[in-house]
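Colleague: any chance you can model this:
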Amino acid sequence: MPTDTTTVPRSTAPRRWPDDPAQGGWYSAAELAAVQEAMADSLPWQTGWRGKEHIAAFEDAFADKTRSRHAVAFNGGGPALEMVLNCLDLQPGDEVISCALNFVGTHLPVIHQGGDLVLAEPDPLTLNLDPADVARRLTDHTRAILVTHWNGLAADLRPFLDLAQRHPHPHHGPPVVIVDAARACGGTTPAGLPVGAEGWATIFSFETKKLMTTLGQGGMVTTGDARLADRLRHLRTYGLSRQWGTNQQLTKMQAAVGLIQLERLDEMNTARVNRAHQRSRLLHGIPHLMLPPLLHGGQHLYYRYNLLVPEAWAGAGRDALMEVLADQYGLGSIINDPPTYASHDYIRAHTGSQTCPRAEQLAARLFCPCLHPRIGDADEREICEAIRKATDQVARTFAAP
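Modeller: Numbers count the residues shown, from 1 in each chain. Below is the predicted model:
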């Protein structure tokens, strides 16, 4: 069984640039004004903090942005995914296929809702779920294909939608395609559609590190299925006196801030993409690093800036490079993400002997240096020079083919 590859021996030396930015975008005076207005509106005891109109306005704006018929707000992306899976009414033996390279929060709800998590390999270039590997793992028990727009690179959903149509479940019809877009809000798929417009349901997160945020937590589901949207609204509000439910509602203040962040999302994403493209230009030609694919038109939003070291450096060489960057140059980086069965005991216990060798090999080569749209040009040049020098230093020890 592979070891937990998220843990790398690291120096405690101060960082000029953190391992991971604490906030994905940034706030402006408009968000602060929205907070003050929502607070002032909520202070009277006759009014309070209930915000049905604010939440509805945020949902309507989000549905318009994503060209989806329905948008349903939640207090987090994790609860939103949990409730979407709950609507499948998974039975023992029902399978949900998902890429092994993922955040653990994508896979834990599958297990908790009673599904058998089937792990599949990533595409070696995009690191998104590989349709060819999914095709090999489809069975008569497959209920859903859970596709993640991993680290901001929008996956092409058309192959998965086609696979689902060609492999219907004997009782439930074609498996549904559920999309985890927590790291790709505001992006565009290869089909030219906004992220959120395709699939049975798309889940977004507004947690503090995401591309847009609602005071630290929040989430949204977009869907074209009116029955699903109606059931989700019941589930998030104690079942609306008719069925089981829980309390997963967004607050008035979060919705007010979300409206502003949504208006500014393209601005923040454009700044992030421009910063990532500048980094790729500055790092171009380093013989020991594979840069992320260069995609335009919002297909890659660079939630993380993925770098891959040579296969000969996998594991120890990658770890050494991260150490040098941290110790000598003050540049933090993370491994985002290893296979979930290698980084979470609960998932490992529920996936048995499943392994994905390609995912393990890619994860052993992967690291993500700190990237944020507010990093200045001068700092970015220093970061890239640090990466270049550190890579040269490590290359003297770890021979690359």
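Colleague: from W17, how far out is H284?
Modeller: Distance, H284 to W17, using C-beta to C-beta, to the nearest Å: 21 Å. The C-beta positions use only the backbone N, C-alpha and C, and glycine is treated the same way.
Colleague: which one's more surrounded, those two?
Modeller: W17 (23 against 11; other C-beta atoms under 10 Å).
Colleague: hmm, A320 and T397 touching each other?
Modeller: Yes - the criterion here is C-beta atoms under 8 Å, and T397 meets it with A320 at 6.9 Å.
Colleague: neighbour count: the two, which is higher?
Modeller: Using other C-beta under 10 Å, the more surrounded residue of T397 and A320 is A320, with 19 against 10.
Colleague: that one - that's part of a helix, no?
Modeller: Yes - under DSSP: H, G, I helix; E, B strand; the rest coil, A320 sits within a helix.
Colleague: what about the closest residue in space to it that isn't next to it in sequence, how many residues nearby?
Modeller: Excluding the flanking residues, the one nearest A320 by C-beta to C-beta, 6 or more residues apart in numbering is V394, at 5.2 Å. Residues lying near V394 (other C-beta under 10 Å) number 23.
Colleague: need the contact list for V394.
Modeller: H288, W313, G317, A320, L321, V324 (C-beta atoms under 8 Å, 6 or more residues apart in numbering).
Colleague: tell me the phi and psi of the last one?
Modeller: The one in question is V324. Phi and psi for V324, reported as degrees, to the nearest 10, are phi -60, psi -40.
Colleague: equivalent analysis for the third one, please.
Modeller: For G317, the backbone dihedrals (degrees, to the nearest 10) come out as phi -70, psi -40.
Colleague: my read: it touches P310, true?
Modeller: Yes - if you go by C-beta under 8 Å, G317 and P310 touch, sitting 7.5 Å apart.
Colleague: ok, these two, which is more surrounded?
Modeller: Per other C-beta under 10 Å, whichever of G317 and P310 has more neighbours is G317, with 23 against 18.
Colleague: ok, now how distant is that one from R396?
Modeller: From G317 to R396 the distance is 11 Å (C-beta to C-beta).
Colleague: now do K209
Modeller: 35 Å.
Colleague: E59: which element?
Modeller: In this structure, E59 is located in helix 52-66 according to DSSP states H and E.
Colleague: point to the residue nearest the middle of this protein.
Modeller: Closest to where the C-alpha atoms of the chain average out (C-alpha atoms, centre = their mean) is R183, at 3.3 Å.
Colleague: that'll do, ta.
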